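**Student:** Starting from these lines, generate the structure:
(2 chains)
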Amino acid sequence: MSVLLEIDDLAVEFSTRRGVVQAVRGASFRLEKGETLGVVGESGSGKSVTSYALMRILDRGGRVTGGGLRYGGVDLRAASDREMAALRGREIGMIFQNPRAALNPIRKVGRQIGDVLIRHARATRADAQARAVAALAAVEIRNPEARYHAYPFELSGGMCQRVVIALALACDPRLLIADEPTTGLDVTTQKAVMDLIAGLTRARGMSTILITHDLGLAAAYCDRVAVMKDGAVVETAPAAQVFAQPSHPYTARLMKATARPGASLRDLLPTAAPAPARPAPGAPLLVVEGLEKTFADGVRAVKGVDLVVRAGESVGLVGESGCGKSTTSAMIMRLLDPSAGRIIFDGQDIGAIPAARFPRDPRRGAIQMVFQDATDSLNPRFTARRAILDPLLGLTSLDRAARAARVAALAAQVGLPPTLLDRFPHQLSGGQKARVGIARALATAPRLLILDEPTAALDVSIQAVVLNLLADLRAQLGMAYLFVSHDLHVVRLPCDRVLVMRDGEIVEQGDAETVMTRPSHPYTRSLIDAAPHPPSPANTPANTPADTPVETPPCAI
Amino acid sequence: MTDAAAASSGFWRHAAHVLRDNPVTGLAFALFVLIVFAAAFGPALAPHDPLASNAALALQPPGAAHWFGTDALGRDVFSRVLVATRLDLTISVAAVALSFLVGASVGAAAGYWGGWVDAVSGRMIDTIMAFPLFVLAMGIVAALGNTVENIIYATAIINLPFYARVARAEVAIRREAGFAQAARLAGATDLRVLALHIFPNALPPMMVQLSLNMGWAILNAAGLSFIGLGVRPPTPEWGIMVAEGANYIVSGEWWLAIFPGLALMLAVFTFNLLGDGLRDLVDPRRRT
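**Tutor:** Okay, here's the model as predicted:
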């Protein structure tokens, strides 16, 4: 095979207010024709910047300061803007992370594909429509003639990503760069989209660079994997080898931190620790009966949910986007009024108290929540200290000294260094923001904590630490958790029982291990099957093809 | 509180950075300080009494004794321009403060609660916007009487819709934000969530509006005086001075209208430049 792309010792710098930041320092890898390369790393590792440098679409302030970029014999660093414009789209196609943001919201999707075709002289005005419809059909969009006239907002997230793929592949490029193509999509949609990309690139003999933070995804769909850390490639090897015998300690740590079947919470941490005590479940703390929510526009988001959370118990609520799990948790949280049903907390029906009055209810402090997006859930104008202080000011009558002591104690409990307390959210890392959010939720010593995808926005290594922290806190404080998530592999770790939700109803429930290993509902089975996971390093001798997904059909691209 | 002290030292460092980062902002702030200085100490610094007439010295061109010349009654134009700063600045600051307070409160309530609050306030604002704004201000002053307070009220009313609209949009997009929900969980009532959590985050874009409006309010007050519906002579005020001086331009006494006009232009220019700098100052995300 011949080399299509060669990146040699690439260095990229950004000029920022705090001086020059080296985003990429010495990244090197090569891509053969027809090969799929996974570029894996945590946020800030420079994996996206590398691809932007390659496409010469770096943000203002960013520049390539060293190294070589050669694509099919052309030096991309020396190419003129005109040559680059011709190369983008025709030779190199790119798929972005957020498909909705990548599409023009006020132009029909078919037209947008037609624009690209006309731009690269693949179509004329006369036959652009027919070719765009063919491109839509190629990405397996049903009824492409009708979809041609759709606007992006009329399509689901998965559908939009298919359109973006159609755009990227419209001119038959030889190289496809997919930058986190399925982040934000449901697992079943993710599988469909990834299978589509794999099938199309194989059929057309294209090379692919798959940029992802998800080791499981890279394992399932890539021939080779390059692991990036702090702007440098630390390891490049065939996918199966990287996962079976990671040669760099960072890769091994990343592998270890990834939630996977058979691993317990403590297995995710770099150092061994005794398993956290799981408090024995006590009397029912929260009983939800026939909970329903119909919105003003007639959408029935929740259609009769019954669930029980016992004191000290951890219950997982799993489902894909739109299944009603967030609506359910918002109603239990008393942020939203139910249309029907009862929410009995500690023997009293709190569902009857209007959500607008609940902030002043004495039970407000007993039910708290950790939000999905730590960045969005912290007031940008409040320091970490002020954020943790907020519930103490609103819900307790502690004096100033007692409040200050409580904030310090909470920060210590969640492992937040005191020096960080005076920082604003934008000055904190993702993991630190998550800790602030947890400390705030714990401030009033709640008895029920709702965790709404608390780790969805975090890197795997931080996710491992935060999940363990939550388990420790539960053992210490004896709280009950309702853990809302879309990821069965993650939910399994801290939860005693799991409920699977679909279309506003609970389709399956049982203890976590049983649901994961012997699901009774076909929907649960499809969720488990769709979630990619890397082979476990601990129990993977040199070759165990049975649980090495690289060997399964969709991956041999 | 210790964190307040830390935050304020951070603020000054941030202010210093914003000024260094953009020289235009530095220039705008320097001009702003100059205007405020003139407003504060103008009457004390003026070389002549702005009201003292002297027929013997009428219509003198600019010179060493009278830097900006003298007017038809022999009054010193430089002193009058300097002293007028206080009145013009007072009118515009008071008018903008008033319309910011009322407009932003109404808009924030409309954005937060929506429903009938939004419908009623929205239609009222549309009604104000339906008039040619300067004509509306003229009408208000003509109806209520020719006083400084009424100029302030009229200027405030015609500026109100802009604040209401910006506040409504900025609050509405943050109504269901995570930090607003978290504040509700922390026992905050709707009013507290709005006033303490959402509204401060809507401030940066409103700062730009505020500063642009200051320039506009000065022009508006001067405009009302120019057509005889504002401050009355002989009080020194830029609008009246331009109006009075306009009659003399044809006969060659250009300095009567030019200098107060330049002062007016400089003030408006300053406030227009200031907007971006103010936004950078109040936006915590611009701090490191």
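**Student:** residue contacts, residue 227?
**Tutor:** In the absence of a named chain, chain A is used. By C-beta atoms under 8 Å, 6 or more residues apart in numbering or on different chains, A:Val227 lies in contact with A:Val40, A:Gly41, A:Val233, A:Val234, A:Glu235, A:Thr236, A:Val242, A:His248, A:Tyr250, A:Thr251, A:Leu254. From N, CA and C alone the C-beta is placed, and that goes for glycine too.
**Student:** nope, chain B please
**Tutor:** B:Met138, B:Ala243.
**Student:** cutoff 10 Å now
**Tutor:** Neighbouring residues of B:Ile227 by C-beta atoms under 10 Å, 6 or more residues apart in numbering or on different chains: B:Phe134, B:Met138, B:Val141, B:Gly239, B:Ala243.
**Student:** What's the separation between it and chain A?
**Tutor:** B:Ile227 sits 44 Å away from chain A, going by C-beta to the nearest C-beta, to the nearest Å.
**Student:** Sort out for me which of the contacts of A:Val227 are in helices.
**Tutor:** Counting by DSSP state H, the contacts of A:Val227 place A:Val242, A:Tyr250, A:Thr251, A:Leu254 in helices.
**Student:** Most neighbours out of the residues you listed, which is it?
**Tutor:** Of all the ones in helices among the contacts of A:Val227, the most densely surrounded is A:Val242 (30 neighbours; neighbours counted as other C-beta atoms under 10 Å in any protein chain shown).
**Student:** How about that residue: what's its closest non-neighbour residue?
**Tutor:** Using C-beta to C-beta, 6 or more residues apart in numbering or on different chains and skipping the chain neighbours, the partner closest in space to A:Val242 is A:Val225 (4.6 Å).
**Student:** Now the helix or strand that contains the one you found: average pLDDT?
**Tutor:** Using DSSP states H and E, A:Val225 falls within strand A:224-229. Averaged over strand A:224-229, pLDDT sits at 91.
**Student:** try stretch A:182-194
**Tutor:** Stretch A:182-194 comes out with an average pLDDT of 83.
**Student:** Establish whether it and chain B are in contact.
**Tutor:** No. Using C-beta under 10 Å from any C-beta of the partner chain, stretch A:182-194 stays clear of chain B, coming no nearer than 16.6 Å.
**Student:** And that stretch, what's buried?
**Tutor:** With burial defined by 16 or more other C-beta atoms under 10 Å in any protein chain shown, the residues of stretch A:182-194 counted as buried are A:Thr182, A:Gly184, A:Leu185, A:Asp186, A:Val187, A:Thr188, A:Thr189, A:Gln190, A:Lys191, A:Ala192, A:Val193, A:Met194.
**Student:** which among those residues gets closest to A:Val370?
**Tutor:** When the buried residues of stretch A:182-194 are compared for distance to A:Val370 (C-beta to C-beta), A:Gly184 wins out at 19.9 Å.
**Student:** Please list all residues in contact with the closest one.
**Tutor:** Counting by C-beta under 10 Å, 6+ apart, A:Gly184 touches A:Gln97, A:Asn98, A:Pro99, A:Arg100, A:Gly157, A:Gln161, A:Gln190, A:Ser321, A:Ala456.
**Student:** Spell out the secondary structure type for it.
**Tutor:** Classification of A:Gly184 by DSSP: H, G, I helix; E, B strand; the rest coil places it in coil.
**Student:** I'd like the buried residues of stretch A:182-194 written out as a markdown table, with distance to B:Asp49 added.
**Tutor:** Formatted as a markdown table, those follow (distance: C-beta to C-beta, whole Å):
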| residue | distance to B:Asp49 |
| --- | --- |
| A:Thr182 | 78 |
| A:Gly184 | 72 |
| A:Leu185 | 77 |
| A:Asp186 | 80 |
| A:Val187 | 83 |
| A:Thr188 | 85 |
| A:Thr189 | 81 |
| A:Gln190 | 81 |
| A:Lys191 | 86 |
| A:Ala192 | 85 |
| A:Val193 | 81 |
| A:Met194 | 84 |
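**Student:** need the residues of the stretch 101-250 of chain B near chain A, please.
**Tutor:** Residues of the stretch 101-250 of chain B that fall close to chain A, judged by C-beta under 10 Å from any C-beta: B:174, B:176-190, B:192-193, B:196-198, B:200-201, B:203.
**Student:** of the residues you listed, buried ones?
**Tutor:** Buried, going by 16+ other C-beta under 10 Å: B:174, B:177-188, B:192-193, B:196-198, B:201, B:203, out of those.
**Student:** Narrow these to those in helices?
**Tutor:** Reading helices off those with DSSP H, I get B:Arg174, B:Gly178, B:Phe179, B:Ala180, B:Gln181, B:Ala182, B:Ala183, B:Arg184, B:Leu185, B:Arg192, B:Asn201, B:Leu203.
**Student:** Return the residues in contact with the last one.
**Tutor:** B:Leu203 is in contact with A:Arg381, B:Ala104, B:Ala167, B:Glu170, B:Leu210, B:Leu278, B:Arg279, B:Val282, B:Asp283, counting by C-beta under 10 Å, 6+ apart.
**Student:** what separates it from B:Leu278, distance-wise?
**Tutor:** Here the criterion is C-beta to C-beta, to the nearest Å. By it, B:Leu203 lies 10 Å from B:Leu278.
**Student:** Find residues that contact each of these two.
**Tutor:** Shared contacts of B:Leu203 and B:Leu278, defined by C-beta under 10 Å, 6+ apart, are found at B:Leu210.
**Student:** For the helix of greatest length in chain B, list every residue counted as buried.
**Tutor:** Ranked by residue count and defined by DSSP H, the top helix of chain B is helix B:77-113. Buried residues in helix B:77-113, defined by neighbour count with 16+ other C-beta under 10 Å: B:77-89, B:91-96, B:98-100, B:102-112.
**Student:** ok, now stretch A:393-404?
**Tutor:** Neighbour counts over stretch A:393-404 (16+ other C-beta under 10 Å) mark A:Leu393, A:Gly394, A:Leu395, A:Thr396, A:Arg403, A:Ala404 as buried.
**Student:** how does chain A divide into domains?
**Tutor:** A:98-172, A:284-530 (automatic domain parsing).
**Student:** quick one: which of those is nearest chain B?
**Tutor:** Nearest to chain B among the domains of chain A is domain A:284-530; the distance by C-beta to the nearest C-beta comes to 3.1 Å.
**Student:** ends of the closest one, how far apart?
**Tutor:** Taking C-alpha to C-alpha, to the nearest Å, the first and last residues of domain A:284-530 lie 34 Å apart.
**Student:** Tell me how far that domain lies from the chain's centre.
**Tutor:** The chain centre lies 18 Å from the centre of domain A:284-530; the measure is C-alpha atoms, centre = their mean, to the nearest Å.
**Student:** same thing with stretch A:260-273?
**Tutor:** 20 Å.
**Student:** what's the closest of the contacts of B:Ile227 to chain A?
**Tutor:** Nearest to chain A among these, counting by C-beta to the nearest C-beta, is B:Phe134 at 35.5 Å.
**Student:** I'd say that closest one and B:Ile158 touch.
**Tutor:** Yes. B:Phe134 is within contact range of B:Ile158, at 7.5 Å (criterion: C-beta atoms under 10 Å).
**Student:** More neighbours: these two, which one.
**Tutor:** B:Ile158 (24 against 15).
**Student:** Let me know the helix or strand that that one is in.
**Tutor:** Per DSSP H and E, B:Ile158 falls inside helix B:148-174.
**Student:** A:Met516 too?
**Tutor:** Counting by DSSP H and E, A:Met516 is found in helix A:512-517.
**Student:** And that helix, what's buried?
**Tutor:** A:Ala512, A:Val515, A:Met516.
**Student:** so can I have JSON lines of those residues showing distance to chain B and pLDDT?
**Tutor:** Converted to JSON lines, those look like this (distance: C-beta to the nearest C-beta, whole Å; pLDDT from 0 to 100):
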{"residue": "A:Ala512", "distance to chain B": "27", "pLDDT": "86"}
{"residue": "A:Val515", "distance to chain B": "29", "pLDDT": "88"}
{"residue": "A:Met516", "distance to chain B": "30", "pLDDT": "85"}
